[in-house]
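> pasted the sequence and its predicted model underneath.
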Amino acid sequence: MPACRILITGVANFWGTGLARALLADPDVERVVGIDTRTPPDDVAGAITLIEADLRTPELRTLIRASAVDAIVHCDIPQFPEPGRAARQLHDVTVVGTLQLLAAAGDLPTLRTLVVRGSAAIYGSEPAAPAFLSEEMALRPGATRFQRDLGEIESLVDGIARRRRDVTCTMLRLQPVIGVTLDNPVTRLLRAPVVPVMMGFDPRVQVLHEDDSIAVLQRAVHDPVAGTVNVAGPGTISLNAAIRRMGRPVVPVPHPLFGTVAGAARRLGLPPMSEDTIRYLRYGRGVATDRMTNELGFTPRYDTRAAIDAVAAELRKAAVG
């Protein structure tokens with residue numbers, strides 16, 4: 001039966017707020033509970049049960065047990081600094097917060113579904129990687145801090161899946177999400193007046209439209225599948241072609257100097273770039289989506305090219321008027 005009482009962590013961020021709105025409009029949902037230290041928009045805050053708390057609080061177990069939810073959607077896994085979350089806090093928020101959440105949820109008798117918004121960044125971006133990575137190909141330790149954090153989070157989720165056979169645990173590995181609403185370094189880079197690219201590199205990239213990133217979370221709440229699921233818009237496109245479709249000029253930079261340019265991003269009017277983003281711009285990444293389509297039963301509205309074109313169209317519309 002569909003989940004009726006759902007807890008969303010990070011309810012004030014893009015995914016938490018978007019999912020809350022979708023679930024509030026869902027007739028099968030009885031109650032939405034949100035937890036965050038920040039306040040979501042008024043329409044969401046006034047319609048959900050809001051718990052103003054940090055996932056690392058010692059009272060988390062008591063707060064979650066009182067909510068008596070049958071599904072938890074963990075959206076509070078920030079990759080980039082965001083309002084209220086400085087870069088130095090990200091490891092604690094992601095790993096320690098997840099550890100506390102799963103410890104608190106581990107003995108929640110009403111729990112039946114756990115959905116985690118993870119990231120395909122766990123695979124990294126490697127020159128010798130296959131064109132499309134399947135879910136079992138993220139076994140070696142990550143090269144970057146965020147990859148290692150994702151590996152720790154997935155290990156924690158595997159642990160609760162083994163202990164609680166009555167709980168279906170779904171780990172969604174999302175490819176980079178683009179859109180006009182979401183604000184992160186990747187979307188800001190594509191919207192920048194000029195986009196730096198590495199001279200001699202034109203990787204194949206794969207993205208997910210922001211609307212599909214919300215829709216797949218809602219799908220997983222009601223129809224979860226056990227284990228990890230890659231999530232992306234079908235198909236890939238070369239980075240330079242994607243930037244052209246966005247109507248943005250490129251500035252080729254010799255790859256030995258790209259890190260310096262990235263470090264000077266703020267002075268150049270560009271967003272700062274993490275090590276993961278720089279490697280993605282050099283080598284790209286594609287993931288296989290067979291499990292998403294065949295087991296989760298989810299088909300994105302936008303493939304990779306259509307997602308880029310949709311964002312480009314919205315930006316042109318905004319520029320006109």
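It's in.
> same question for the helix or strand containing R173, mean pLDDT?
Using DSSP states H and E, R173 falls within strand 168-174. When pLDDT is averaged along strand 168-174, the result is 98.
> give the pairing partners of that strand; include direction for each.
strand 113-119 (parallel), strand 227-231 (parallel) (DSSP bridges).
> which residues of the stretch 51-200 of the chain fall in strands?
For the stretch 51-200 of the chain, the strands defined by DSSP state E, counting those that start in this stretch cover 71-74, 113-119, 168-174, 177-178, 195-199.
> contacting residues around the nearest residue to R61 once chain neighbours are set aside?
Leaving out its chain neighbours, the residue that sits closest to R61 by C-beta to C-beta, 6 or more residues apart in numbering is A104, at 4.1 Å. For the C-beta atoms, the positions are set from N, CA and C on the backbone; glycine is no exception. Going by C-beta atoms under 8 Å, 6 or more residues apart in numbering, A104 touches 60-61, 63-65.
> kindly recompute the last result at 7 Å.
60-61, 64 (C-beta atoms under 7 Å, 6 or more residues apart in numbering).
> ok, now D276?
121, 144, 146 are the contacts of D276 under C-beta under 7 Å, 6+ apart.
> how about the helix or strand containing it as CSV, C-alpha atoms only?
Secondary structure assigned from DSSP H and E places D276 in helix 275-283. Only the C-alpha atoms of helix 275-283 are listed here, as CSV (Å, rounded to 0.1, in the frame of the first residue of the first chain):
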residue,chain,number,x,y,z
GLU,A,275,36.9,19.0,-7.5
ASP,A,276,34.0,16.7,-8.5
THR,A,277,32.7,19.4,-10.9
ILE,A,278,36.1,20.0,-12.5
ARG,A,279,36.6,16.3,-13.1
TYR,A,280,33.0,16.1,-14.6
LEU,A,281,33.9,18.9,-17.0
ARG,A,282,37.0,17.1,-18.0
TYR,A,283,35.9,13.5,-18.4
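> now the angle from it to strand 195-199?
Per axes from the mean of the first three to the mean of the last three C-alpha atoms, to 10 degrees, the angle that helix 275-283 makes with strand 195-199 is 60 degrees.
> report the buried residues of helix 275-283.
276-283 (16 or more other C-beta atoms under 10 Å).
> apart from its neighbours in sequence, what residue is nearest M198?
H255 (4.3 Å).
> deepest of the strands of the stretch 51-200 of the chain, which one?
strand 71-74 (a mean of 28; mean count of other C-beta atoms under 10 Å).
> partner strands of it, with direction?
Sheet pairing for strand 71-74, using DSSP bridges, gives strand 5-9 (parallel), strand 113-119 (parallel).
> grab the nearest non-local neighbour of G106.
I160 (5.7 Å).
> would you agree that neighbour is in contact with C169?
Yes. Under the criterion of C-beta atoms under 7 Å, I160 makes contact with C169 at 6.2 Å.
> common neighbours of the two, please.
With C-beta under 7 Å, 6+ apart, I160 and C169 have common neighbours L114.
> circling back to that earlier point, so which of the contacts of D276 belong to helices?
Judged by DSSP state H, helices contain the following of the contacts of D276: F146.
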